[in-house]
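In: After the sequence you'll find the predicted model.
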Amino acid sequence: MDAYFTRVFVIGNGGAGKSWLASALSRHASLPLHHLDDFHWETGRYGVARDRSEGDEMVSAVMLGDRWIMEGVYGALANMALPRLTALIWLDLPEEDCIANVRKRGVQGGASEASFEDLLAWISAYRIRRNNWNSHDGHRQIFDNFDGSKQRRADVQAFLQRTGARP
């Protein structure tokens with residue numbers, strides 16, 4: 001297997017296709033898949049953030065492994081894994097595409113209609129949010145500062161075709 005697919009991180013806005021792409025790459029390269037949502041949120045408690053140090057410890061434990069793929073929007077957690085990455089993929093799609101994707105999949109994980117609408121508003125603000133990690137600027141900074149193999153993609157299907165992975 002290509003060394004590119006040893007320790008891979010996929011970042012991007014909500015609804016950009018991170019989970020979908022990471023799942024396809026995980027199957028293709030036989031890599032264990034880890035979702036940052038599982039590290040950030042308490043298990044079974046929609047919208048309740050896990051203690052930050054506990055999430056950091058979970059990411060640290062995974063990133064010490066030899067082979068994995070992680071995906072998520074949480075740039076602070078992604079930033080922790082950068083020293084161990086063999087590849088970084090930033091799905092940089094227009095917000096309207098991300099919103100359409102989230103609308104298509106609908107309410108998930110026990111969320112309410114109100115929290116779903118809040119999620120859509122949060123996704124739509126990707127380029128105007130001014131936090132360090134969960135914004136377009138934050139993801140661009142992570143991407144620009146990473147010295148290893150990296151891909152910035154707006155066309156996820158083309159990326160999968162290039163890698164030979166299947167959705």
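Out: Yes, it's here.
In: residues in contact with the residue nearest the centre of the chain?
Out: For the chain, residue 72 is the residue whose C-alpha lies nearest the centre (C-alpha atoms, centre = their mean; 2.3 Å). In this structure, residue 72 makes contact with 10, 11, 18, 35, 36, 37, 39, 40, 78, judged by C-beta atoms under 8 Å, 6 or more residues apart in numbering. Placement of C-beta: from N, CA and C, glycine included.
In: At which residues are the helices of the protein located?
Out: All helices of the chain, identified by DSSP state H, fall at 18-29, 36-40, 52-63, 75-81, 95-105, 113-124, 136-145, 156-163.
In: mind showing which ranges of this structure have poor pLDDT?
Out: Using pLDDT under 70 as the threshold, the predicted model of the chain has low-confidence ranges 1-4, 44-47, 109-110, 132, 155-160, 164-167.
In: go again using 90 as the cut-off
Out: Scanning the chain with the threshold set as pLDDT under 90 gives 1-6, 25, 28-29, 35-64, 72-84, 105-116, 118-119, 129-134, 148-167.
In: ok, back up a step: would you convert the helices of the chain into TSV that also reports distance to residue 130?
Out: What follows is the helices of the chain, written out as TSV (distance: least, C-beta to C-beta, whole Å):
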stretch	distance to residue 130
helix 18-29	22
helix 36-40	20
helix 52-63	20
helix 75-81	13
helix 95-105	16
helix 113-124	13
helix 136-145	7
helix 156-163	27
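In: possible to save those as TSV with mean neighbour count and distance to residue 87?
Out: Formatted as TSV, these follow (neighbours: other C-beta atoms under 10 Å; distance: least, C-beta to C-beta, whole Å):
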stretch	mean neighbour count	distance to residue 87
helix 18-29	20	9
helix 36-40	18	16
helix 52-63	15	14
helix 75-81	21	11
helix 95-105	15	22
helix 113-124	14	25
helix 136-145	17	12
helix 156-163	15	10
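In: on that earlier part again, let me know the closest of the contacts of residue 72 to residue 56.
Out: Nearest to residue 56 among these is residue 39, at 8.2 Å by C-beta to C-beta.
In: show me the contacts for the closest one.
Out: Residues near residue 39 by C-beta under 8 Å, 6+ apart: 50, 55, 58, 59, 72, 74, 77.
In: Just give me the closest of those residues to residue 99.
Out: Proximity to residue 99 was ranked across the contacts of residue 39 by C-beta to C-beta; first place goes to residue 72, at 18.2 Å.
In: if I look at residue 87, how far off is residue 112?
Out: As for residue 87, its distance to residue 112 is 37 Å (criterion: C-beta to C-beta, to the nearest Å).
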